Structure formats: C-alpha cells, structure tokens
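>>> Sequence plus the predicted model coming up.
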Amino acid sequence: MNTREISECTAGITIFAPMSSKEQKFTASRVRSSYISVVISMTLVLYVLGLLGTLVLSANNLSRAVRENFTFTLVLEEAIEEADLKTLLKTQQLAPYAKSAVLVTKKEAAESLEAALGEDFVEFLGYNPLSNTIDINLQSEMVASGDLDALKTKMMQEEYVKDVLYDRDLVALVNENIEKISYVLFGASLVLLIVALALIHSSIRLTIYSKRFLLKTMQLVGATSTFIRRPYLFNALLLGVIAALLSMGLLVATGYGSTVYFPGLVELFSQEVLVLVGLSLLGIGLIVPGVSTAIAIRRYLKLRTNELYF
C-alpha cells in the first residue's frame, strides 16, 4: 500500500468503508473537540503549576527582602567628632555584612519622635536626650545565620559605639517561619508536579485510546510504527506548545493584575522568575505529551485486535 493511501487512513478515511461527507464532518468535529479539551485541561494544569513554581522561585527573593529589612542600630557616643562619625559610617557601608548603612542624627531622630508623639518633647525637657545612630540593614545571609550576638559583640568593641540594638526574638521567629514555609512549598510543588504529570498523561492517553482502532488498521495495512507514530507525536507536541503558551499568558495576566492592585507583589512576579517559569512550562508541555503519546501508541500497537475492545 502506498503512502497516500496510508495518509488517508490517518485522516480518518479507511480503504474498507469510505465515509460520507456528513460522517467525515462529524468525525472531524469530534477530533477538534477532543483536541480542545486536551488543550484546556493541559493549560489549566500548567497554569496552576506555573503559579506554584513562581511562588517557589520567588520565595528566596521574598525571604531575602524580609531579612534585609531588619535594622541593626549602632548607638554612638556624644563625644564623637564629625570626622570620626563620617569614617565610622563609611566603614559600616563598606562592611561585608552590611547591605546599607544610614546615619540618623540626634536632630533627625528628635524630629521623627516628635512627629510620632505629636508634641515637642525637646522643648519640654530643655535638651535632646537622643543620640546619633547608624542604622544598618544587614545582608540576608547574615540574618539567616542567626549569629547576630557575635556581630553585636564585635560592634561594641568599635570606638564611639555605646550600644547595639536589634530585635533578637523577631529575627529568630522570622528565620524559623521562613524555613518552615520553604519545606511546605517544596513539598506542595513536588506533589503538584506529580499530579500535573499524571493528568497530562491521562488526557493524552484518552485521546490515543479513542483512535486505537485506526492505529491498528494502519498497522494491519502495512504502515510502520514510525510512520504511524509521527503525526500523533507532532499533534501532541503542537498541543503541548499551545497549552504552554496559553498558561504563560494566563500567568503573565495574573502577575500584571496582581501587581496593579497589590504593588508589593512585584517581587513575586519579577521578569526573571516569569521567564524561568515560562521555559519550564514549555519544557513540560513538550516532553510530557510527547512521551505519553509514544508510550500509549506503543501499547496499543502491541495489542491484538480482539484486545482493543477491552
């Protein structure tokens, strides 16, 4: 049998019982419906997987941002000269453990406190009891290590440093919660990935199952396994790409809508994270349908004709 006749079988027209125009339209409609349902199911699965993947990839950035918001405050001696003050500030700004360091003068601290209290306490006391301070935002790795007491001891040895202030309990609590959340996200991502792979495999397998008799007919008239498999693999890869692109579109739309109403989520839907998640979804959309299609076709081609009814 020549290639043209086999191709006609692939299109749903057998050489044994040619279908009427109405039957061909009905068959084509069913094929389109099955493809649409597969694309929709894969799109939704990939979209949910993409959301969780975005959250997992952004968790590191979010935890870094949270840790870097902690303030490590150096309370300075009154007798410090302006030149020494500038030197100490520059030293802290260049320190490997510091992300940033800002000088807060006693005047600026008094103005801030007056705004919070709603009254001029300096005039009431007759003097400004506050001190010059240097507020240091530490690197996230330093906060994550939890060894801030050693840093405090080191800072206390600096000349003109009277005291070091930071919330030890809050740092410990945040580190503990970030660790727990990381484990939960990793576990949820692993479970959802397995579920997603199973759902996509099931959808592709059902599509191939509906064409098992056509596959067997093509095999019986002499078509090779490679020739039979080729158009179905192409369709599976095409459907996977379409589903991946649709899921990425939904993910980008979700990110845009979320950041419009909740600007704080900008870190969650950063461009780098979306690109990485998009490439991952595209890879899953190509690999899983392709492998599932190859496995399903191989299975049905190995079955005897009477086994196709079970």
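Structure's in. What do you need? Numbering: from 1, shown residues only.
>>> residue ranges with poor pLDDT in the protein?
Where the chain drops to pLDDT under 70, the residues are 1-32, 120-129, 146, 263-267, 305-310.
>>> Dead centre of it: give me the residue that sits there.
Of all residues in the chain, the one closest to the mean position by Cα atoms, centre = their mean is residue 54, 1.5 Å from it.
>>> is it fair to say it lies in a strand?
No - Residue 54 is assigned helix when assessed by DSSP: H, G, I helix; E, B strand; the rest coil, not a strand.
>>> For the closest residue to it other than its chain neighbours, grab the count of nearby residues.
Excluding its sequence neighbours, the residue lying closest to residue 54 (Cβ to Cβ, 6 or more residues apart in numbering) is residue 277, at 5.2 Å. In short, each C-beta sits where N, CA and C put it, glycine included. A count of nearby residues for residue 277, using other Cβ atoms under 10 Å, gives 27.
>>> Looks like residue 277 contacts residue 57 (just checking).
Yes - judged on Cβ atoms under 8 Å, residue 277 makes contact with residue 57 at a distance of 6.6 Å.
>>> which SS state does the nearest residue to residue 71 once chain neighbours are set aside fall under?
Among residues not flanking residue 71 along the chain, residue 135 sits closest, at 5.1 Å (Cβ to Cβ, 6+ apart). Of the three states, residue 135 takes strand under three-state DSSP.
>>> so who does residue 135 touch?
By Cβ atoms under 8 Å, 6 or more residues apart in numbering, the contact set of residue 135 is 71-73, 101-102, 104.
>>> Only the buried subset of these, as a PyMOL command please.
Remark: buried members of these, expressed as a PyMOL selection using 16 or more other Cβ atoms under 10 Å:
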select buried, resi 72+101+104
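>>> now the contacts of residue 135 as TSV including secondary structure?
TSV is the format used below for these (three-state DSSP):
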residue	secondary structure
71	strand
72	strand
73	strand
101	strand
102	strand
104	strand
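>>> Among the contacts of residue 135, which pair sits farthest apart?
For these, the maximum inter-member distance is 12.8 Å, found between 72 and 104 (Cβ to Cβ).
>>> mind listing the helices for the chain?
Remark: helices assigned in the chain by DSSP state H are 3-10, 21-67, 82-94, 106-117, 121-125, 140-145, 148-156, 168-209, 212-220, 225-261, 271-302.
>>> Perfect, that will be all.
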